[in-house]
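In: What follows is a predicted structure for the sequence shown.
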Amino acid sequence: MKRKMRMLALSASIVFMISCATYPSIDSRLEEDLVDITKYDVGTDFTQFKTFSVVDSVSVICDKDSIRILDAQAAALLNQVTVNMQARGYTRVDRKTGNPDLGINVGVVKITNVSYYYPGWYWDYGYYNPAYWGYYGYNYYYPYYPPTVSSYSTGTVIIEMPDLKNAAARNNKLYVVWVAVIRGLMTGNHTTQEILGNVDQCFMQTPQIRAD
Amino acid sequence: MQLLRFQRIISLPTYYASAMKKISLIISAVLLLSFTARAQEQAATGYSPASLYSLSWALSVPLGSLNDFINNVSPAGGNFTGRYFLVKGFAIGFEFGWNNYYKKYPRMTYYADDGLAITGINYGYSFVVPWKAGAYYYFLPSALADPFIGLSFGGDYMEEHIIIQEYDIYETQWGFTLSPELGVLIRFGRNSHWGASLSAQYWFNTNSFNFNEFKAYNSMQGFNFNIGLTYMLR
């Protein structure tokens, strides 16, 4: 009888677990794929921009610090962004002498153990200051509600596109007219080629970025 | 009286044949059980319960639009019902339950109208919670195996989600639901309070949703198989 009761309790708890089962947890969802999230400012006409400039290195944001790197992978990442912009009809110019209409920041986040990241939090972690683009005393500004990420976001590529053309007219604000986030880098084994494919996907899902 | 009962039982398949072809097998099983039960009833008649409560595990087969969205059978469900006999064989009661359905989709891009786009492997997920009142008829209320039919009506709470990593695009809603049911209650002993309940239940509700990749899903239906434990009160 006791054994029967134990069997009954066991099978009841198995049935209970099955009946509450649902899709895989966030941990396994992060492991299985790189996810590309983009957001552009619907109020911006991207055809008004003709030129762009990309940062000269990738900013790797670690726990309290950031380092700028330009190894083969970082160079490939910057190159892929450039290739995509040129394919959309934009002309690459020098950051200091070419007076670019758009700037492009590229960063990689490797922070762990932070529970919540408010939009643009990485700007405080030695990201590219607006001064990098020659706008001293300016701040970055999202003209929309940007994608938010949580503590699961470790290993994230962030590409941001500040509007330099209209900066002077916007009260010390550099509008970030496009932000692209590639997530899941540190949770799986992803090749450089795979990451570059995801850069392409970020552009592909934003056909609004066009010079003509 | 016995003859009347007999006629009711054999008229059951013809009554349901057009509406429920898929469950003819179950009807046969119920018929077989009820004939067995009749024999048993004559041999050993137990008590007729005044009320009963069942807690069941519910396996659900999505149909209609729900099947277009998630074509996986859901083992993740259950329900609870209480039924009160007004006259011998006829009961009214309540039912509530839940079912989780999900399906893994390959990489896909979801576009929102505020400029957001997300690409990745994603999960279609739906959660259905019916809250219903019903009327039931038990053919052999004092037999060891007692086949029954029922019809319940009420509100369905429903969620539809597209889940991409931690991003969750979803809708929640309430609608009306209607579900006919066919089953059998098997008593563990002539005077036992405990029994097993097996039933098949078709349902549909008036909910609909419209994600941009999944357009105009407006015919939510399902077929549930319930296996449960019943407690009867005299």
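Out: Here it is on my side, so go on. Predicted, not measured: the structure shown is a model, and the values here were computed from it. Numbering: from 1, shown residues only, chains lettered A, B, ... in the order given.

In: In terms of helices and strands, where is the nearest residue to A:Gln48 once chain neighbours are set aside?
Out: Leaving aside its sequence neighbours, A:Gln48 sits nearest to A:Lys165 (CB to CB, 6 or more residues apart in numbering or on different chains; 6.9 Å). From N, CA and C alone the C-beta is placed, and that goes for glycine too. Applying DSSP states H and E as the criterion places A:Lys165 outside every helix and strand.

In: tell me the phi and psi of the residue of chain B found nearest chain A?
Out: With CB to the nearest CB as the measure, B:Gly120 is the residue of chain B nearest to chain A, at 3.5 Å. Here is the backbone geometry of B:Gly120 (degrees, to the nearest 10): phi 170, psi 170.

In: what pairs with the closest residue to it other than its chain neighbours across the strands?
Out: Distances taken as CB to CB, 6+ apart place A:Val35 nearest to B:Gly120, at 3.5 Å, with adjacent residues excluded. Going by DSSP bridges, A:Val35 is paired in beta bridges with A:Arg183.

In: do the same with B:Leu229
Out: Assessed by DSSP bridges, B:Leu229 has beta-bridge partners B:Leu55, B:Ala196.

In: Next up, the contacts around it.
Out: B:Leu229 is in contact with B:Ser54, B:Leu55, B:Ser56, B:Trp194, B:Gly195, B:Ala196, B:Ser197, counting by CB atoms under 8 Å, 6 or more residues apart in numbering or on different chains.

In: again, 10 Å this time
Out: For B:Leu229, the contact set (CB atoms under 10 Å, 6 or more residues apart in numbering or on different chains) comprises A:8, A:12, A:15, B:53-57, B:188, B:194-197.

In: In chain A, which residue sits closest to chain B?
Out: A:Val35 (3.5 Å).

In: That residue and A:Val83: what is the separation?
Out: Note on A:Val35: its distance to A:Val83, by CB to CB, to the nearest Å, is 22 Å.

In: So for those two, which residue has more residues nearby?
Out: A:Val35 (24 against 14; other CB atoms under 10 Å in any protein chain shown).

In: how much space is there between the residue of chain B closest to chain A and B:Thr109?
Out: Distance of B:Gly120 to B:Thr109, given as CB to CB: 9 Å.

In: Neighbour count: the two, which is higher?
Out: When B:Gly120 and B:Thr109 are compared for neighbours, B:Gly120 comes out ahead with 26 against 17, by other CB under 10 Å.

In: Could you list the low-pLDDT ranges of chain A?
Out: Along chain A, segments meeting pLDDT under 70 span A:1, A:63-64, A:111-119, A:126, A:149-154, A:185-188.

In: Do a quick rundown of the strands in it.
Out: Taking DSSP state E as the test, the strands found in chain A are A:35-40, A:51-54, A:58-61, A:66-69, A:91-92, A:102-109, A:116-117, A:139-141, A:149-150, A:156-162, A:173-183.

In: Show me the helices in chain A, by range?
Out: For chain A, the helices defined by DSSP state H cover A:2-19, A:26-32, A:72-87, A:192-204.

In: what touches both of B:Gly120 and B:Thr109?
Out: The contact sets of B:Gly120 and B:Thr109 overlap at A:Asp36, A:Gln201, B:Ile164 (CB under 10 Å, 6+ apart).

In: So which of those is the closest to B:Gly228?
Out: B:Gly228 has its nearest neighbour among these in B:Ile164, at 35.8 Å by CB to CB.

In: bridging residues for the closest one?
Out: B:Tyr167.

In: Also B:Gly82?
Out: Beta bridges link B:Gly82 to B:Tyr53, B:Phe94, judged by DSSP bridges.

In: what's the residue nearest the centre of chain A in contact with, if anything?
Out: Taking CA atoms, centre = their mean as the criterion, A:Val181 is the residue nearest the geometric centre of chain A, at 2.1 Å. By CB under 10 Å, 6+ apart, the contact set of A:Val181 is A:35-39, A:109, A:146-149, A:153, A:156-160, A:202, B:118.

In: Please apply the same query to A:Ser59.
Out: By CB under 10 Å, 6+ apart, the residues touching A:Ser59 are A:66-69, A:74, A:105-109, A:122, A:125-128, A:132, A:158.

In: Just the buried residues out of the residues you listed, in ChimeraX syntax.
Out: If you want just the buried ones from the contacts of A:Ser59 in ChimeraX, going by 16 or more other CB atoms under 10 Å in any protein chain shown, the selection is:
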select /A:66,74,105,106,107,108,109,122,125,126,127,128,158
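
In: Enumerate every residue touching the residue of chain B closest to chain A.
Out: B:Gly120 is in contact with A:29, A:32-37, A:182-184, A:198, A:201, B:105-110, B:163-165, B:167, counting by CB under 10 Å, 6+ apart.

In: Out of those, which end up buried?
Out: Among those, those that count as buried by neighbour count (16+ other CB under 10 Å) are A:29, A:33-37, A:182-184, A:198, A:201, B:105, B:109-110, B:163-165, B:167.

In: Give me the below-cutoff pLDDT ranges for chain B.
Out: Filtered on pLDDT under 70, chain B yields the residue ranges B:1-45, B:212-216.

In: sorry, back to before: tell me the buried residues within the contacts of A:Val181.
Out: The buried subset of the contacts of A:Val181 - by 16+ other CB under 10 Å - is A:35-39, A:109, A:146-147, A:149, A:153, A:156-160, A:202, B:118.

In: Of all the strands of chain A, which one is nearest B:Asn71?
Out: Closest to B:Asn71 of the strands of chain A is strand A:35-40 (CB to CB; 23.8 Å).

In: which residues does B:Pro147 bridge with?
Out: B:Val184.

In: from memory A:Tyr175 sits against A:Thr44, does it?
Out: Yes - the criterion here is CB atoms under 10 Å, and A:Tyr175 meets it with A:Thr44 at 7.4 Å.

In: any shared contact partners between those two?
Out: Here A:Tyr175 and A:Thr44 have A:Pro143, A:Tyr144, A:Met161, A:Asp163, A:Asn166 as joint contacts, going by CB under 10 Å, 6+ apart.

In: B:Ser199: how many residues sit nearby?
Out: Residues near B:Ser199, counting by other CB under 10 Å, number 25.

In: Correct me if wrong, but it is in a strand.
Out: Yes - counting by DSSP: H, G, I helix; E, B strand; the rest coil, B:Ser199 is part of a strand.

In: Look up the closest residue to it, ignoring the ones flanking it.
Out: B:Gly183 (2.7 Å).

In: my guess is the one you found meets B:Gly134, correct?
Out: No - judged on CB under 10 Å, B:Gly183 makes no contact with B:Gly134 at a distance of 11.9 Å.

In: picking up where we left off before, mark which of the contacts of B:Leu229 are buried, thanks.
Out: Those of the contacts of B:Leu229 that meet the buried threshold are A:Val15, B:Tyr53, B:Ser54, B:Leu55, B:Ser56, B:Trp57, B:Gly195, B:Ala196, B:Ser197, by 16+ other CB under 10 Å.
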